[in-house]
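> sharing a sequence plus its predicted fold:
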Amino acid sequence: MKNIYLLLITAVVLSISSCTIEDHGNYDYVEVPKPVVENLDDEYSVLLGEKLTVTPTVSIEGKADFSFHWKVLLSNGYVESDGPTLTFSPTAEVGSWSAKLILTNNVNGAKYIYPFKINTTTIFSKGVMVLSNEGGVARLSFVKPDNSVMPRIYKTMNGKDLPNAPQQLVAANFWWGMQFYWILCGEGEDPGMKLDPNTLSVMRTVRENFVVPGTDQIKFGFQHQRSNGSALIGIINDKLAQTYALGYPLSDPYGMWGDGYLVKGDGNYKMGNSFIYVDYQYMYGYDENGKKLIRFGSDGSWVGDAYDVSTPPAGQTQAFDPKNMGMTKVLYMCLIGTTHFAFCQDAGGTVYEFQFSRVPAAKDIITPLIKRQFVGSSIVKSDSKWLSSVTNEFYISSGDKIYKYNRITQDLSALAANFSSEQITMMEFADDNTLLVGVQSGKIYFVDITLGVDGAIIPSKTINGIPGAPVDAYIRMN
């Protein structure tokens, strides 16, 4: 029986191997022509409230019947439409959005995808937002890229004024775009507004930004933005105050003042209006009541003067006692490299320069380095503005002049910029090599401080027509 099966299998194999199989398929490659799409750019920009229309032209060799499908990916999902023309009218969201045209040849079913981007912007997306003081009233104006000014734009769009006594404009600009402005003022029961950066509508007031509402007076000092932009740490009612800085930056209570927002410390300290804050690491300020340096932890917790002071080498005296500095007011504090600076004024009005270093430990170790009378003491006024560069220069305004001070050589010299005898009311960095300077009449100057230039005004960038005296400004690039 086995032999019969073997014979049958052998016969089948032989018959298969002796067959000739003919393949009549066509293996010649024929290239299918692709459509040529014109009038479709890689990127478009459109203002909120305006309409973007895209009508590409499509051509192809041979027979074709095309259908068009458009997809724009916004934060809440795709917006889709059909037809040869895309009509896109953004109303609320500012950003850069992925989009694509899906082209289908209905003759053969072939699909072609063409990606592009749509940038939605507002008129406020690029330019300079300026906070100014017009007769005590806070004014918000916008300077367009051509230097034309939209004065009092907040009042124009909201029908009412901001609070009085403007102090600071804080811009929260994340890596994915602008989120809001804080306008902080010195007067009023509710002394500030949080504004949408694209419409300038009120997102909430200062009072509404407290997790636990209260009726206590709110007196703002300088507010520092933490690294992500939306959390603040600074001075309220002469004490250190901080907002919540844990969780998702765009969800409450992040960025709000909580129940324990004020760091009470020893209960008696008075925080000066300038301090050194290294993001989420440590902070030093000056207690104007205790006349001493005070420290705060990485989370803003009170440390006070619970730090150690190093002992000077044998034969040398201590430069100063950080726990008993004797100054009535701190004017400016900053960190350059590893050297900490404090410019303070005594009861007689003389300004002193203090320098110290810090070694982190269970208790910080402070090494006093220098105490000396500031060579520019006589030029310092009550409204002087201070800036420090990343190198060794300080810039101090005095009346209608700006002085540059080199902390190594102690050279003090006036910049060449001539502000026509007008009082300087604002001074900040536009970039590492340019100062942004506002004067009483409502002009804003860009001053070149590049090495070797000595502070020349850049005439083509001068802004005219700000209502009142500029107080603060933010240059917005997107």
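Cool, got the structure.

> how much space between the residue sitting nearest the centre point of the chain and Gln225?
Centroid-nearest residue in the chain: Asn173, 3.7 Å away (criterion: C-alpha atoms, centre = their mean). Asn173 sits 9 Å away from Gln225, going by C-beta to C-beta, to the nearest Å. Quick note: C-beta positions are derived from backbone N, CA and C, even for glycine.

> in a strand, that's where the residue nearest to the centre of the chain is, yeah?
Yes - per DSSP: H, G, I helix; E, B strand; the rest coil, Asn173 lies within a strand segment.

> partner residues bridging it?
Met178 (DSSP bridges).

> model confidence for it, exactly?
As predicted, Asn173 sits at a pLDDT of 85.

> is it in contact with Tyr181, as I believe?
No - here Asn173 does not reach Tyr181: they are 9.7 Å apart, not a contact under C-beta atoms under 8 Å.

> name the element the nearest residue to Pro84 once chain neighbours are set aside belongs to?
Excluding the flanking residues, the one nearest Pro84 by C-beta to C-beta, 6 or more residues apart in numbering is Phe68, at 5.1 Å. For Phe68, the element it lies in under DSSP states H and E is strand 66-74.

> what residues of stretch 245-256 count as buried?
245, 249, 254-256 (16 or more other C-beta atoms under 10 Å).

> ok, now which ones touch Asp216?
Asn237 (C-beta atoms under 8 Å, 6 or more residues apart in numbering).

> would you check how far apart Leu48 and Ala306 are?
52 Å.

> which one's more surrounded, those two?
A direct count of neighbours by other C-beta atoms under 10 Å for Leu48 and Ala306 places Leu48 higher, at 18 against 10.

> so the more buried one touches Thr122, yeah?
Yes - if you go by C-beta under 8 Å, Leu48 and Thr122 touch, sitting 5.1 Å apart.

> what's the overlap in contacts for the two?
Taking C-beta under 8 Å, 6+ apart as the criterion, Leu48 and Thr122 both touch 94, 198-199.

> which of those lies closest to Met283?
Of all those, Asn198 has the smallest distance to Met283: 32.9 Å, by C-beta to C-beta.

> my read is that closest one is in a helix, agree?
No - applying three-state DSSP, one finds Asn198 to be coil, outside a helix.

> residues touching it, list them.
48, 94, 122, 124-125, 178.

> what about 6 Å?
Contacts for Asn198 (C-beta atoms under 6 Å, 6 or more residues apart in numbering) come out as 94, 122, 124.

> restricted to strands, list those.
In strands, judged by DSSP state E, none of the contacts of Asn198 are found.

> can you turn the buried part of those into a PyMOL selection?
Buried residues within these, by 16+ other C-beta under 10 Å, are selected in PyMOL with:
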select buried, resi 94+122+124
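
> can you put the contacts of Asn198 in CSV and add distance to Val212?
Formatted as CSV, the contacts of Asn198 follow (distance: C-beta to C-beta, whole Å):
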residue, distance to Val212
Val94, 32
Thr122, 34
Phe124, 33
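
> distance of the closest residue to Thr156 other than its chain neighbours from Ile466?
Residue nearest to Thr156 in three dimensions, not counting chain neighbours: Met150, with 7.7 Å by C-beta to C-beta, 6+ apart. Between Met150 and Ile466 the computed distance is 11 Å (C-beta to C-beta).

> more neighbours: which of these two?
Set Met150 next to Ile466 and count neighbours by other C-beta under 10 Å: Ile466 wins out with 27 against 17.

> tell me who's in contact with the more buried one.
130, 132, 141, 442.

> out of those, grab the one that's most surrounded.
Top of the contacts of Ile466 by neighbour count (other C-beta under 10 Å): Val130, with 29 neighbours.

> contacts made by the strand or helix carrying that residue with the rest, please.
Element membership for Val130 (DSSP H and E) is strand 127-134. Contact partners of strand 127-134, identified using C-beta under 6 Å, 6+ apart, comprise 139-145, 166, 169, 466-475.

> give me the buried subset of those residues.
139-143, 166, 169, 466-475.

> what about these, which are in strands?
139-143, 166, 169, 469-475.

> quick check, nearest of those to Phe446?
Distance to Phe446 across those (C-beta to C-beta) is lowest for Ile475, with 10.1 Å.

> for that closest one, list each beta-bridge partner.
Val128.

> still on that earlier bit, as TSV, the buried residues of stretch 245-256 with distance to Gln423, pLDDT and secondary structure would be great.
Converted to TSV, these look like this (distance: C-beta to C-beta, whole Å; pLDDT from 0 to 100; DSSP: H, G, I helix; E, B strand; the rest coil):
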residue	distance to Gln423	pLDDT	secondary structure
Ala245	37	87	coil
Pro249	38	82	coil
Tyr254	39	91	coil
Gly255	34	92	coil
Met256	37	94	coil
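
> widest-spaced pair of the residues you listed?
Pro249 and Met256 (11.6 Å).

> quick one: the strands in the stretch 351-478 of the chain?
351-359, 365-373, 386-388, 393-398, 401-406, 412-414, 424-431, 434-439, 444-448, 456-457, 469-476 (DSSP state E, counting those that start in this stretch).

> only C-alpha atoms, please: export stretch 164-176 in CSV.
Written as CSV, here are the backbone C-alpha positions of stretch 164-176 (Å, rounded to 0.1, in the frame of the first residue of the first chain):
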residue,chain,number,x,y,z
ASN,A,164,-4.8,105.4,38.7
ALA,A,165,-1.1,105.6,39.4
PRO,A,166,0.3,103.0,36.9
GLN,A,167,3.4,101.1,38.2
GLN,A,168,4.1,98.0,36.1
LEU,A,169,3.1,96.1,33.0
VAL,A,170,3.8,92.3,33.3
ALA,A,171,3.6,90.2,30.1
ALA,A,172,3.2,86.4,30.4
ASN,A,173,4.7,85.1,27.2
PHE,A,174,5.0,81.3,27.1
TRP,A,175,6.9,79.4,24.5
TRP,A,176,3.6,78.7,22.8
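
> starting at the chain centroid, how far to that stretch?
Put simply, stretch 164-176 sits 8 Å off its chain's centre (C-alpha atoms, centre = their mean, to the nearest Å).

> what lies in contact with it?
Contact partners of stretch 164-176, identified using C-beta under 6 Å, 6+ apart, comprise 131, 133, 136-138, 179-182, 184-187, 220, 229-230, 471-472, 474.

> report the buried members of those residues.
Using 16+ other C-beta under 10 Å, the buried members of those are 131, 133, 137-138, 179-182, 184-186, 220, 229-230, 471-472, 474.
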